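Novice: model the following, please.
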Amino acid sequence: CMVPQRYQANSQLGTWVHTQRRQYKLMNESKKSSMTKEKADALDSIGFFWAAKNSISSSGRSPPLDDDNLSEGSSDHAKAA
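Specialist: The predicted structure follows:
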């Protein structure tokens, strides 16, 4: 899931992805977080990128995304989590 925080095609998805990354970081720092190991494992299973820098190319820009790059399964999972 290589969605930038400011994903213009779906700003709610970008916000959701940013929130998951933030909660994951808090969990790993042993701070209060809504992220659980089970949620993290589920996101791992769909190829979620935990660090936003993983989604940035060498030019410093996020790769272009279109509807073909987002599977229906991952968006359904995002709504369920």
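Novice: make it CA atoms for all contacts and neighbour counts henceforth
Specialist: Fine.
Novice: what segments of the protein are helices?
Specialist: All helices of the chain, identified by DSSP state H, fall at 11-28, 37-45, 72-80.
Novice: how about the ones you listed in CSV, adding mean neighbour count, mean pLDDT and distance to residue 52?
Specialist: Below are the helices of the chain laid out as CSV (neighbours: other Cα atoms under 10 Å; pLDDT from 0 to 100; distance: least, Cα to Cα, whole Å):
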stretch, mean neighbour count, mean pLDDT, distance to residue 52
helix 11-28, 17, 94, 8
helix 37-45, 13, 96, 14
helix 72-80, 11, 42, 17
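Novice: let me see the contact set for residue 6.
Specialist: By Cα atoms under 8 Å, 6 or more residues apart in numbering, the residues touching residue 6 are 14-15.
Novice: okay, the helices of the chain in JSON lines with distance to residue 3 next?
Specialist: Formatted as JSON lines, those follow (distance: least, Cα to Cα, whole Å):
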{"stretch": "helix 11-28", "distance to residue 3": "6"}
{"stretch": "helix 37-45", "distance to residue 3": "13"}
{"stretch": "helix 72-80", "distance to residue 3": "11"}
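Novice: which one of those lies closest to residue 5?
Specialist: Closest approach to residue 5 among the helices of the chain is made by helix 11-28 (4.3 Å; Cα to Cα).
Novice: which residues touch that closest one?
Specialist: 3-7, 32-36, 40, 50-52, 78.
Novice: and those residues, which are buried?
Specialist: Among the contacts of helix 11-28, those scoring as buried are 3-5, 7, 35, 40, 50 (criterion: 16 or more other Cα atoms under 10 Å).
Novice: contacting residues around residue 45?
Specialist: Listed by Cα under 8 Å, 6+ apart, the contact set of residue 45 is empty.
Novice: for residue 40, same thing?
Specialist: Per Cα under 8 Å, 6+ apart, neighbours of residue 40: residue 24.
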